[in-house]
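Enquirer: What shape does this take:
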Amino acid sequence: MSNIIKQIKIEYFRVPLEGNLVDALHGKHDFFELVTATVMLEDGRSGVGYTYTGGFGGAAIAKMLENDLIPQLIGLEMKTPYEMNDYMNQHIHYVARGGVASFAISALDIAFWDIELKTKKMALRDVNGTGANKVRTYYGGIDLMYSEKELLENIEKQLKAGHTAIKIKLGREKEEEDIQRVKAVRKLLGNEALFMVDANMVWSVEQAIRMARQLEEYNVGWLEEPTNPDDYEGYARIGQATSIPIAMGENLHSIYEHELAIKIGRISCPIPDCSNVCGITGFMKVGALAEEYSLKVHSHGMQELHANVLGALDNRGYVEFHSFPIYQYTVEPLIVKEGYLDTSKEPGTGVEFDWDMLRPYQQK
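Expert: Next comes the predicted model:
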């Protein structure tokens with residue numbers, strides 16, 4: 001068996017989105033970008049990894065993979081995913097730690113995990129022992145510009161589809177509109193259902209504190225990204241001013257940033273994303289860090305992968321069922337059952353793309 005890396009194939013897709021998907025910072029989402037990396041070894045073994053964006057930067061990620069990472073990997077012996085992750089980070093550390101580099105490394109890291117797990121005939125969920133058969137999920141809507149009627153109709157649709165927990169977007173121009181929407185959703189869901197909110201970074205610290213105090217009466221599970229994620233001290237101030245747990249992490253691209261968010265920002269709910277935290281390796285590191293602080297770790301996007309990653313962790317929290325439907329372009333699309341997602345029993349990461357479905361959206 002030869003572990004020498006023979007070839008790496010990068011493919012870049014722009015996949016259209018349906019509906020009026022708007023959040024407070026990014027505006028309307030018309031498509032998402034998907035960048036895949038297929039790693040092939042000399043002995044014929046292969047694995048597939050991927051990353052995604054909300055519509056910007058995908059071409060840059062593909063170029064960094066092709067120009068800066070792949071030339072350093074071809075002919076190299078593939079070692080453990082952790083060792084490969086360190087090698088890739090060290091190679092481009094000076095010019096690109098975090099940011100685009102973390103997205104690029106993520107795609108390759110997931111591919112290396114796919115190869116290693118298939119070689120061991122092991123499912124991702126079982127990497128730390130016998131993992132969970134299912135994980136708790138919630139529906140994460142990109143629904144800021146829905147009218148209140150549209151918002152409630154969409155939530156009713158998701159409840160009928162098997163969801164039992166919901167997250168909505170906040171950050172409308174008038175604060176009272178946000179509060180009214182939260183009030184209406186809580187009334188629809190009932191007092192005990194899991195219900196979170198996400199402001200997508202648009203509030204100042206002072207506004208976030210003011211809004212959090214108004215939200216407290218609605219039994220909000222967490223307030224996500226109330227302000228700029230680089231303002232760790234601001235996050236600590238918000239958390240100290242409210243009884244609502246504070247969540248963030250999807251815009252943090254290294255274990256060091258997550259450590260600052262927990263140690264300085266005092267967040268209660270870390271939410272990494274395998275697509276931009278240097279892959280499964282980075283997510284596992286955040287999970288271990290969270291466990292040191294007796295925190296559960298949750299996920300953002302990529303539910304087809306994150307269900308299996310969280311299934312491997314004892315301190316698993318909730319997997320977001322994101323509005324970017326990457327899962328619809330896989331061989332076995334996900335099914336929500338009474339608020340849970342089944343984890344994959346198959347060797348590897350549990351994600352196999354339907355390339356025929358993706359091909360019409362491939363970019364040259």
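Enquirer: alpha carbons only for contacts and neighbour counts from here, please
Expert: Noted.
Enquirer: what's the spacing between the residue most central in space within the chain and residue 148?
Expert: Residue closest to the average C-alpha location in the chain (C-alpha atoms, centre = their mean): residue 300, at 2.8 Å. Residue 300 sits 25 Å away from residue 148 when distances are taken as C-alpha to C-alpha, to the nearest Å.
Enquirer: which other helices and strands contact the longest helix belonging to the chain?
Expert: Across the chain, the helix with the greatest residue count (assigned by DSSP state H) is helix 99-119. If contacts are counted by 3 or more C-alpha pairs under 8 Å, 6 or more residues apart in numbering; DSSP states H and E, helix 99-119 sits against strand 31-41, strand 46-53, helix 58-64, helix 81-96, helix 279-292.
Enquirer: Can you point out the buried residues in it?
Expert: Of the residues in helix 99-119, those buried under the neighbour-count criterion (16 or more other C-alpha atoms under 10 Å) are 99-118.
Enquirer: mind listing what the residue lying closest to residue 285 once chain neighbours are set aside touches?
Expert: Spatially, and ignoring its direct neighbours in sequence, residue 285 is nearest to residue 255 (6.7 Å; C-alpha to C-alpha, 6 or more residues apart in numbering). When contacts are counted by C-alpha atoms under 8 Å, 6 or more residues apart in numbering, residue 255 touches 277, 282, 285-286.
Enquirer: now those in CSV, with distance to residue 350, neighbour count and pLDDT?
Expert: Listed next are the contacts of residue 255 as CSV, based on distance: C-alpha to C-alpha, whole Å; neighbours: other C-alpha atoms under 10 Å; pLDDT from 0 to 100:
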residue, distance to residue 350, neighbour count, pLDDT
277, 19, 31, 98
282, 18, 25, 98
285, 20, 18, 98
286, 21, 25, 98
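Enquirer: As JSON lines, those residues with distance to residue 30 would be great.
Expert: Below are these laid out as JSON lines (distance: C-alpha to C-alpha, whole Å):
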{"residue": "277", "distance to residue 30": "24"}
{"residue": "282", "distance to residue 30": "29"}
{"residue": "285", "distance to residue 30": "33"}
{"residue": "286", "distance to residue 30": "31"}
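Enquirer: contacts for stretch 47-54?
Expert: Contacting residues not belonging to stretch 47-54 are listed as 29, 31-40, 58, 103-104, 106-115, 274-276, 352 [C-alpha under 8 Å, 6+ apart].
Enquirer: And for stretch 25-35?
Expert: 10-18, 20-22, 50-56, 58, 61-62, 107, 200-202, 324.
Enquirer: Residue 78 versus the residue nearest to residue 285, what's the distance?
Expert: Residue 255 sits 23 Å away from residue 78 when distances are taken as C-alpha to C-alpha.
Enquirer: I'd like to know how many residues surround the closest residue to residue 56 other than its chain neighbours.
Expert: Of all residues not flanking residue 56 in the chain, residue 33 sits nearest, at 7.5 Å (C-alpha to C-alpha, 6+ apart). The number of residues packed near residue 33 is 23, by other C-alpha atoms under 10 Å.
Enquirer: just to revisit the earlier point, tell me the spacing between the residue nearest to the centre of the chain and residue 50.
Expert: Remark: distance between residue 300 and residue 50 (C-alpha to C-alpha) = 15 Å.
Enquirer: what's the answer for residue 13, then?
Expert: Taking C-alpha to C-alpha as the measure, residue 13 and residue 50 are separated by 11 Å.
Enquirer: which of those two has more neighbours?
Expert: Using other C-alpha under 10 Å, the more surrounded residue of residue 13 and residue 50 is residue 50, with 26 against 21.
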